[in-house]
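> Any chance you can model this:
(one chain, ligands or ions: 1)
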Amino acid sequence: TVETTLQGNMPFPMGAAVNVSLLKNNINYRNLVTKEFNSITAENAMKFASLHPSKDTYTWSDADYLVDFAIANGKRVHGHTLNWYKSLPDWVENFQGTTAEWENLLKTHIQTVVGHFKGKVVSWDVVNEAINDDGSFRNTIWVQKLGVDYIGRAFQYAHQADPNALLFYNDYGHEFGPTKRTAILNLVNDLKSKGIPIDGIGLQMHIRVTQNDANLTAAISTAAATGLRVHISEIDIALNPDNIQNMTYTAAMGDQQAAKYKTIVKAYHAISKAQQFGITQWNVTDSDSWIPSTYNRPDWPLPFDALYQKKAAYQGILDGVK
Ligand code: G3I
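Okay, here's the model as predicted:
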């Protein structure tokens, strides 16, 4: 009998955000990534501060290690992220320059990074989280220095550096309701209508187990209605969003989480095959999830537990395509 794996059983690519240090140093982690997934996103190793810590210095080693691991094991690499307002190095935060110098900084970073990974990284989150929850443009350092049109130019710069790479706009909160979702869809439709090379939309899907299903399925179907590829790019389902310090995981909580994973996978499976870029979970197991350390609470957001074992959520994912 062949062991069930996500990559072997799901009809679209299944990915995980990978921590390079754990990949190098933890054999259980590495084995699980190797076995279960056929798409890899760098959790942090391809962010601006990681790759480009000073103006004339690029540090490729961790990202190259991840890419080499992926290619050696037949896995796709999705790049994350060329432009964001977070995880910027101090030299960018403190950069004093004219508009033209800022433009050059943006272009040089994008084209150096995309060029370095050309032919290896098949797709990029070009711009990440440019829209506020109220639907306005986030007032990031990039908007302050360059205005909102930098978004379209970021896609053009990436396309020039690797015309074969698939280019995504990535954000969270499509499932919050129509306000943020509509603003994101308006942005990508506007880019499309201007002939900007955009291929896909990334729905992060950092959700809570109490998230209502109607807004979840609307998030997926409205993204698909753009005609672009849809990537569920960072899914995890928090069980303890109210930060209860002494909470423990129960089977009942696991079943609720499994049902929510199933709902999402089912809605995703219903969009056209050509648009199914894949589903990527953010981190690998409950023990390496960003959520407990970021919010300082116990939580169990992923389909694998801290002992690398499959949880009910794993079966929920499989059930979503039955
Ligand atoms: O590497 C330093 C380390 O040297 C230092 O000792 C330590 C002390 O705080 O910080 C370390 O850097 C941290 C880095 O993760 C690596 O662990 C940063 O402080 C921390 O801010 C960073 O958090 C990451 C966060 O993005 C910001 O870049 C998370 O790991 C990562 O999971 C998270 O991922 C984001 C996606 O990129 C975008 N969507 C939301 C998602 C979750 O927040």
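> how about the residues of the chain that lie near the ligand?
43-44, 47, 86-87, 128, 204, 234, 290 (Cβ under 6 Å from any ligand atom). In this view, the C-beta of every residue, glycine as well, is placed from N, C-alpha and C.
> Number of residues surrounding Thr140?
19 (other Cβ atoms under 10 Å).
> thought it was touching Ala130?
Yes - using Cβ atoms under 8 Å, Thr140 is in contact with Ala130, at 7.0 Å.
> pLDDT score for Val2?
According to the prediction, Val2 has pLDDT 81.
> Please give the centre-to-centre distance between stretch 71-79 and its chain.
From the chain centre to the centre of stretch 71-79 is a distance of 15 Å (Cα atoms, centre = their mean, to the nearest Å).
> Strand partners (parallel or antiparallel) of the host helix or strand of Leu82?
Assigned by DSSP states H and E, Leu82 belongs to strand 76-83. Sheet pairing here is set by DSSP bridges, and for strand 76-83 it gives strand 39-42 (parallel), strand 123-128 (parallel).
> What mean pLDDT does it get?
Mean predicted lDDT for strand 76-83 stands at 99.
> and what of stretch 261-268?
Rounded mean pLDDT across stretch 261-268 is 98.
> Who does the closest residue to Val18 other than its chain neighbours form a beta bridge with?
Closest residue to Val18 apart from its sequence neighbours, by Cβ to Cβ, 6 or more residues apart in numbering: Ile40 at 5.4 Å. Judged by DSSP bridges, the bridge partners of Ile40 are Ala16, Val77.
> So what's the residue count around Ile40?
Residues near Ile40, counting by other Cβ under 10 Å: 25.
> Over to Asn296?
Neighbours of Asn296 (other Cβ under 10 Å): 9.
> Without its sequence neighbours, what residue ends up closest to it?
Asn296's closest residue in space is Asn243 (Cβ to Cβ, 6+ apart), at 7.5 Å.
> for the one you found, what are its contacts?
Residues near Asn243 by Cβ atoms under 8 Å, 6 or more residues apart in numbering: 295-297.
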